[in-house]
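need a structure here:
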Amino acid sequence: MVANRVVWSLVFLAILTTVTRSWAKTVAVTRSPRSLALLGIAAAFLAVNWGFYVYAVASNQVVEASLGYFINPLVSVALGVLLLRERLRRAQWVAVGIAVLAVGVLAVSYGRLPWISLVLAVSFGVYGLIKKQVGSGSVESLTIETAVLAPVALGVMIVMAVRGTTSFAGSDAGLILLLVLLGPITAIPLLAFGGAATRIPLSTLGLMQYFTPVLQFLLGVLVFDEAMSPLRWVGFGLVWLSLAVMSIDGLRNAQGNRNRADDLNVIEPD
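Just a heads-up that it's a prediction; the model follows:
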């Protein structure tokens, strides 16, 4: 599934790049050794994220995967503070502290660290950080990232085809169509994410990533009937409380910035 995701994403992006006549911009990005190296590293973290997410779903751990994406905004905030010197307000520090407590509670409820969650959160957080450092267009950067991963993905698909274990072997048209659709389904959200990562602060970007884990959590609990112990509900409740604190603080700060901007635009009478 991961190999198909890479290959069909590259096919979709190649078509998109051709339609938008963006090949010149894509080639220009590759001429910068720094940008090419950073995008190669970003591709590696993206592959880790995809691989662990597919593993989580295949092993009936969708709820733990959703926890990773709930934690991811907090990782983005932490990276913004530690590496980009973005300053946190008091409420944001409180939110981070609650999140750390939540991870501890969930570790007790699972009987281990929620390592799938942590890998998903950190890998995608670092991916966002690198995208921000590169600063290139979302189409160009994602095309290069998938191109870096494509040789490995194609190799995996060829080996599986030789062994007769590929998903295409003996599959009906519906399954084949679903695998091909992994391309646009994967690329379109990442293009939107890449565009946002170069335009807004990393800490703000982190606050906008709640919808995915909410949907994943609902799927895990309501569709796949994954167990939720009382202590696990407490841990998730703390995560949601942390995100609520950050969201409210972010809205208040944004409103304050708008009010200050309006005050500066007021023309004083002569």
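
what ranges do the helices span in the stretch 1-150 of the chain?
2-19, 23-30, 33-58, 62-84, 90-110, 115-134, 138-163 (DSSP state H, counting those that start in this stretch).

closest to L177 out of the ones you listed?
helix 2-19 (10.8 Å; CB to CB). Where you see a C-beta, it was placed from the backbone N, CA and C, and this is true even at glycine.

is L219 in contact with A65, as I believe?
No. The criterion here is CB atoms under 8 Å, and L219 misses it with A65 at 9.6 Å.

JSON lines for the helices of the stretch 1-150 of the chain, including distance to L215 and mean pLDDT?
JSON lines is the format used below for the helices of the stretch 1-150 of the chain (distance: least, CB to CB, whole Å; pLDDT from 0 to 100):
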{"stretch": "helix 2-19", "distance to L215": "18", "mean pLDDT": "90"}
{"stretch": "helix 23-30", "distance to L215": "32", "mean pLDDT": "88"}
{"stretch": "helix 33-58", "distance to L215": "13", "mean pLDDT": "92"}
{"stretch": "helix 62-84", "distance to L215": "8", "mean pLDDT": "83"}
{"stretch": "helix 90-110", "distance to L215": "19", "mean pLDDT": "84"}
{"stretch": "helix 115-134", "distance to L215": "15", "mean pLDDT": "88"}
{"stretch": "helix 138-163", "distance to L215": "22", "mean pLDDT": "88"}
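
make CSV from these and add mean neighbour count and distance to D172 to it.
What follows is those, written out as CSV (neighbours: other CB atoms under 10 Å; distance: least, CB to CB, whole Å):
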stretch, mean neighbour count, distance to D172
helix 2-19, 20, 16
helix 23-30, 14, 35
helix 33-58, 18, 20
helix 62-84, 23, 25
helix 90-110, 18, 37
helix 115-134, 23, 31
helix 138-163, 18, 17
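
out of those, flag the one nearest L178.
helix 2-19 (9.4 Å).

and that closest one, what does it pack onto?
Helix 2-19 sits against helix 33-58, helix 138-163, helix 173-197, with contacts defined as 3 or more CB pairs under 8 Å, 6 or more residues apart in numbering; DSSP states H and E.

residues of the last one that come out buried?
Buried positions in helix 173-197, judged by neighbour count with 16 or more other CB atoms under 10 Å: 179-180, 182-184, 186-187, 190-191, 193-197.

now L241, nearest residue through space, not along the chain?
Of all residues not flanking L241 in the chain, I98 sits nearest, at 5.7 Å (CB to CB, 6 or more residues apart in numbering).

isn't that neighbour right up against A244?
No. When contacts are counted by CB under 8 Å, I98 is not listed as touching A244 (9.5 Å).

and the nearest residue to L74 once chain neighbours are set aside, what is it in contact with?
Once flanking residues are discounted, L74 sits nearest to A99: 4.6 Å by CB to CB, 6+ apart. Going by CB atoms under 8 Å, 6 or more residues apart in numbering, A99 touches I71, L74, L238, V239, S242.

just put those residues in TSV and tack on distance to A227.
What follows is these, written out as TSV (distance: CB to CB, whole Å):
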residue	distance to A227
I71	20
L74	25
L238	19
V239	18
S242	23
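
for Y127, state which of these is nearest.
I71 (14.4 Å).

gap between that closest one and A65?
Between I71 and A65 the distance is 11 Å, computed by CB to CB, to the nearest Å.

could you find the closest non-adjacent residue to V57?
Using CB to CB, 6+ apart, the nearest residue to V57 is A65, at 6.7 Å.

show me the contacts for that neighbour.
Contacts of A65 (CB under 8 Å, 6+ apart): F52, Y53, A56, V57, I116, S117, L120, Q216, G220.

just I15 next, same as before
Counting by CB under 8 Å, 6+ apart, I15 has no contacts.

how about V180?
Per CB under 8 Å, 6+ apart, neighbours of V180: N4, W8.

if I look at it, how far off is V223?
24 Å.
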